[in-house]
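Colleague: need a structure here:
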Amino acid sequence: MDFTQNSCREFVEVLASNAPVPGGGGAAALVGAIGTALGNMVGSLTVGKKKYAAVEEEIVALKKKSDELQKELLDQVPADAEGFAPLAKAYGIPKDDPNRDAVLEAATMTACQVPLRIMELCCEAIDVIDVFAAKGSRLAVSDAGCGAVCCKAALQAASLNVFINTKSLKNREEAEKLNKKTNDMLDTYCAKADEIFAAVRANF
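Modeller: Modelled structure (predicted):
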């Protein structure tokens with residue numbers, strides 16, 4: 001089910017319920033899309049303004065990139081629900097079933113993939129927002145800061161959905177590879193989002 005077709009109120013109500021999806025991954029994807037859109041808003045308010053003619057071409061290209069990131073982040077909301085379904089089903093396999101461990105391992109790996117993708121998209125969005133914050137309309141610079149904060153939150157939220165799954169993987173070598181990839185993104189892009197926030201904050 002694509003929960004992005006619901007109203008904001010409906011989405012939040014289902015999120016607060018005991019339904020297994022949407023959960024943290026879907027919420028992270030939505031917050032990331034919102035953060036990306038806030039950066040894109042700065043671009044929209046920059047394009048066509050004589051004062052920013054020198055950066056018009058770059059801003060237009062970044063707006064196109066943002067449009068793509070927003071769409072893919074929203075696509076991750078239903079993708080996360082689909083990715084979790086095999087894991088939920090695997091937990092229901094009787095513990096004495098000889099195939100249980102293998103099925104559970106495969107399902108756990110599957111459940112890691114969408115949160116990782118959400119993180120990658122948020123990192124790309126933070127890179128784009130960095131430029132919007134530096135070169136976009138000064139009248140909307142606060143929105144770029146808001147976008148960076150939202151994307152950082154989405155990045156951190158998605159990471160927890162990776163870590164909760166890698167913790168239970170039997171293949172510890174693969175788990176550590178995924179953990180390293182996740183931690184590298186957190187270390188680099190949480191810091192970058194904080195820098196954007198600080199730079200925007202310094203305007204006021």
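Colleague: Go ahead and flag the most central residue of the protein.
Modeller: For the chain, Ile118 is the residue whose C-alpha lies nearest the centre (CA atoms, centre = their mean; 3.8 Å).
Colleague: residues of the host helix or strand of it that come out buried?
Modeller: Using DSSP states H and E, Ile118 falls within helix 100-135. Residues of helix 100-135 classed as buried by neighbour count (16 or more other CB atoms under 10 Å): 103-105, 107-112, 114-133, 135. The C-beta positions use only the backbone N, C-alpha and C, and glycine is treated the same way.
Colleague: I'd like the mean pLDDT over that helix, please.
Modeller: Confidence for helix 100-135, expressed as mean pLDDT, is 97.
Colleague: Same question for stretch 60-80.
Modeller: Rounded mean pLDDT across stretch 60-80 is 97.
Colleague: helix, strand or coil for the residue of the chain positioned farthest from its centre?
Modeller: Taking CA atoms, centre = their mean, the residue of the chain most remote from its mean C-alpha position is Asp96, at 37.4 Å. On the three-state scheme (DSSP: H, G, I helix; E, B strand; the rest coil), Asp96 is labelled coil.
Colleague: What values do phi and psi take at it?
Modeller: phi -90, psi 0 (degrees, to the nearest 10).
Colleague: That one and Leu38, how far apart?
Modeller: Applying CB to CB, to the nearest Å, the value for Asp96 to Leu38 is 51 Å.
Colleague: Same check on Asp2?
Modeller: 22 Å.
Colleague: Between the two, which is the more surrounded one?
Modeller: More crowded of Asp2 and Leu38, by other CB atoms under 10 Å: Leu38, with 24 against 12.
Colleague: Skipping its backbone neighbours, what lies nearest that one in space?
Modeller: The shortest distance from Leu38 to any non-neighbouring residue, by CB to CB, 6 or more residues apart in numbering, is to Gly147 (3.4 Å).
Colleague: which residues touch that neighbour?
Modeller: Residues near Gly147 by CB atoms under 8 Å, 6 or more residues apart in numbering: Gly35, Thr36, Ala37, Leu38, Gly39, Met41, Val42, Ala125, Ile129, Phe132.
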